[in-house]
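Engineer: take a look and give me a structure for this.
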Amino acid sequence: MNFTAIDFETATGYHPCSVGIVTVENGIIVDEYVSLIKPPNNEYNPFTIRVHGIYPKDTVNAKSFFQIYPEIERRLKNRVVVAHNESFDRNVLMKTMLLHGLNYDDLNIATKWECTVKIYKAKGIKPTKLSDCCREMKIQLNHHQALSDARACAKLYMLR
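Structural biologist: Numbering: from 1, shown residues only. Down below sits the predicted model:
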């Protein structure tokens, strides 16, 4: 079982302010990566701040997406990618890459990723928010912290 789980927290729309990535090889977590990301103009929507607790003061000196992209690319390229509500995280990645002139196709990953929401919905778990799935499967979670969310997603995928 080899795959990479990813989670983005966003500042506004599809502009990320944090990313967590967990790499799994042979069913074992072998690498974890987390970084704050300075969104364009360091602008935030007050709603997203209430969700994840990341403020402009936290990212004022953080690297831009373009600066951390080599770390993301290294972990995602040629991999099976998993996310909880994959369309959201995939769109964050695709739109942010486009904004920075990066080609999504260069990652050589699927157009649609593996999605733990769909997997657990099919298992009959309702609702299928990450926190609900983790509670049901007894997985520790510090919800809306990117690395914790990515780690929980990886564990959910391994338990599917």
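
Engineer: doesn't Arg160 make contact with Met1?
Structural biologist: No: contact criterion CB atoms under 8 Å: Met1 and Arg160 do not qualify, at 9.8 Å. From N, CA and C alone the C-beta is placed, and that goes for glycine too.

Engineer: spit out the contact partners of Lys123.
Structural biologist: Going by CB atoms under 8 Å, 6 or more residues apart in numbering, Lys123 touches Arg160.

Engineer: tell me the confidence at it?
Structural biologist: What the model reports for Lys123 is a pLDDT of 95.

Engineer: any chance you could map the strands in this structure?
Structural biologist: 3-12, 15-25, 28-36, 81-83, 114-115 (DSSP state E).

Engineer: out of those strands, nearest to Pro70?
Structural biologist: Smallest distance to Pro70 across those (CB to CB): 11.2 Å, for strand 28-36.

Engineer: and the closest one, what's buried?
Structural biologist: Tyr33, Val34, Ser35, Leu36 (16 or more other CB atoms under 10 Å).

Engineer: ok, now stretch 6-23?
Structural biologist: Buried residues in stretch 6-23 (16+ other CB under 10 Å): 6-11, 14-23.

Engineer: same check on stretch 58-78?
Structural biologist: In stretch 58-78, counting by 16+ other CB under 10 Å, buried: Asp58, Thr59, Ala62, Phe65, Ile68, Tyr69, Ile72, Arg75, Leu76.

Engineer: can you tell me which of these is nearest Ser131?
Structural biologist: Nearest member of those to Ser131, counting by CB to CB, is Asp58, at 22.3 Å.

Engineer: grab the nearest non-local neighbour of that closest one.
Structural biologist: Leu36 (6.1 Å; CB to CB, 6 or more residues apart in numbering).

Engineer: contacts only, for that neighbour.
Structural biologist: Cys17, Ser18, Ile54, Asp58, Thr59, Ala62, Lys63.

Engineer: tell me how far the residue of the chain positioned farthest from its centre lies from Glu136.
Structural biologist: Within the chain, the residue lying farthest from the chain centre (CA atoms, centre = their mean) is Gly124, at 23.6 Å. Using CB to CB, to the nearest Å, we find Gly124 at a distance of 10 Å from Glu136.
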